[in-house]
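# Return atomic coordinates for the entry below.
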Amino acid sequence: MEESITRVTEKNAVVRDWSLRTQKVKGDSLKEGYTSDLPERVTLNARQNDLEDLTRIWKQWDSDTRSIFTEKYGDIAHLIAIDVNEQLIQAMVRFWDPAYQCFTFNQEDMTPTIEEYAALLRIDNVQLNKIYVKEPKPMTFKKKLMKLTGMTDTWAEKQIKKKNEVSCVPWFSLWELVQNHPDVSKRVDLFALAVYGLVVFPKVLGHIEVAVVDFFEKLWQRVNPVPTILAETFRSLNACRRKGEGRFIGCAQLLNVWIFSHFWKVERTPFHMISKTFAALEAHLEKDWPKDVTEKHWVSVFQNLRVEDITWRAPWIRPSVLLYKCGNQDWMPLLGLWGGVGYAPLLVQRQLNP
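Just a heads-up that it's a prediction; the model follows:
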């Protein structure tokens, strides 16, 4: 079963007026009398998978193979080269508000949006309004592995493992196929699966979970992966913030790039003058971002953040239709691999305004 987001295009002024009225009536997380019952400090585990194998394989590929990959899967390969600033992520989680799905830095609300993540990943070869929905009776994990790899029933049976009561396939089971499969398209697909399983949805370290394989198969039907990526990022932020601890299993690399993108103080270039081949993730890798900064320092930065400190619209963001509500609801549901979450991008609409 597949679902689509029904889009109704409104003029910018209509959307802005609707946003102002809605916030005035319903208030926000800083309205008078608001008190938070969330833990003041969060002990976050931001442990990541070892990505050396993926990095080595990507560097070994020739330009033609890389082009095939990028045309099919966008810029997700750049995620393997992004160093996650754990102190930054640790500090950010302390300012996350699960009720509104946004960060509240001092008096400024900010949140990653579908439009920003789509621009970062250069998701072009998808239907933007087509979302991932898990099939009620999916094909068995073994058959999915056989279809993805082109390998035998016996091979697939041997690769499936149980990790924390979850069916997975270890990365080392796919490693040789990614390097040596006689079918180049299979190599490309399996590499993309590894990026989604080890970087984007790293729930079980060193393994690719069955839910990721289910999701990945849907990508061949040109569903938009961004709402699902955001859903799991938000759900992980919510869980860690409410408990005051936990392992962050969203895509830390994208979250890291997103927050820095709003402090990207450069001369603004009109979007129509940016080459169609411009890759925001690649540009991020070329910049010298702060590294040896303590969590305490980042907390101080966020506590004292002012509106003028923020680049509200990242210079590379594309003009696009803003997905801002679902039917008569002033929010949108995001469906993840392991659950759903609400999304209210109008709180931070100025992140996308010209």
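# What residue, apart from its backbone neighbours, is nearest residue 219 spatially?
residue 225 (6.2 Å; CB to CB, 6 or more residues apart in numbering). C-beta here means a position set from N, CA and C on the backbone, and glycine is covered the same way.
# And the pLDDT for the one you found?
pLDDT, residue 225: 94.
# And for residue 10?
In this model, residue 10 is scored at 56, pLDDT.
# now residue 338
Per-residue confidence (pLDDT) for residue 338: 93.
# State the number of residues packed around it.
When neighbours are defined as other CB atoms under 10 Å, residue 338 has 14 of them.
# what do you get for residue 99?
For residue 99, the tally of surrounding residues (other CB under 10 Å) stands at 13.
# So what does it have for phi and psi?
Backbone dihedrals for residue 99, given as degrees, to the nearest 10, come out at phi -70, psi -30.
# how much space between it and residue 38?
When distances are taken as CB to CB, to the nearest Å, residue 99 and residue 38 turn out to be 9 Å apart.
# Check this protein and tell me which residue is nearest its centre.
Residue closest to the average C-alpha location in the chain (CA atoms, centre = their mean): residue 229, at 4.0 Å.
# related to what we said a few turns ago, test my guess that the residue nearest to residue 219 contacts residue 128.
No. Contact criterion CB atoms under 8 Å: residue 225 and residue 128 do not qualify, at 10.7 Å.
# the more surrounded of these two?
Each of residue 225 and residue 128 has its neighbours counted (other CB under 10 Å); residue 225 has more, 23 against 20.
# Quick check: the gap between the more buried one and residue 74.
Relative to residue 74, residue 225 is positioned 9 Å away (CB to CB).
# Overlap in contacts, those two.
Each of 121, 123 lies in contact with both residue 225 and residue 74 under the rule CB atoms under 8 Å, 6 or more residues apart in numbering.
# which outside residues touch whatever helix or strand the residue nearest to the centre of the chain lives in?
If you go by DSSP states H and E, residue 229 is part of helix 226-243. Under the contact criterion CB under 8 Å, 6+ apart, helix 226-243 has outside partners 38-39, 42, 44, 93-94, 96-98, 101, 112-114, 117-118, 121, 123, 131-132, 200-201, 215, 246-251, 254-255, 334-341, 343.
# Of those residues, which belong to helices?
Among those, DSSP state H puts 93, 114, 117, 118, 121, 215, 254, 255 in helices.
# okay but the first one is in contact with residue 248, surely?
Yes. Counting by CB under 8 Å, a contact exists between residue 93 and residue 248, whose distance comes to 7.3 Å.
# Compare these two (neighbour count), which wins?
The residue with more neighbours, out of residue 93 and residue 248 and counting by other CB under 10 Å, is residue 248; that gives 25 against 22.
# Show me which pair in the ones in helices among the contacts of helix 226-243 is furthest apart.
Across the ones in helices among the contacts of helix 226-243, the two members that end up farthest from each other (CB to CB) are 93 and 215, 24.4 Å apart.
# What are the buried residues along the helix or strand hosting residue 176?
Residue 176 is part of helix 171-180 when elements are defined by DSSP H and E. Residues of helix 171-180 classed as buried under the neighbour-count rule (16 or more other CB atoms under 10 Å) are 171, 173, 174, 177, 178.
# got it, and stretch 195-215?
195-204, 207-215.
# Where do the strands of this protein begin and end?
Listed from the start of the chain, the chain has strands (DSSP state E) covering 3-4, 43-45, 96-97, 102-105, 108-110, 130-131, 161-163, 166-170, 207-209, 245-247, 332-335, 340-343.
# Please enumerate residues in contact with the second one?
This points to strand 43-45. The contact list for strand 43-45, computed with CB under 8 Å, 6+ apart, reads 86, 89, 90, 93, 240, 244, 245, 246, 247, 248.
# Which residue, other than its chain neighbours, is closest to residue 48?
Leaving aside its chain neighbours, residue 48 sits nearest to residue 84 (5.9 Å; criterion: CB to CB, 6+ apart).
# Please work out how many residues are found near the one you found.
Should you count by other CB under 10 Å, residue 84 turns out to have 19 residues around it.
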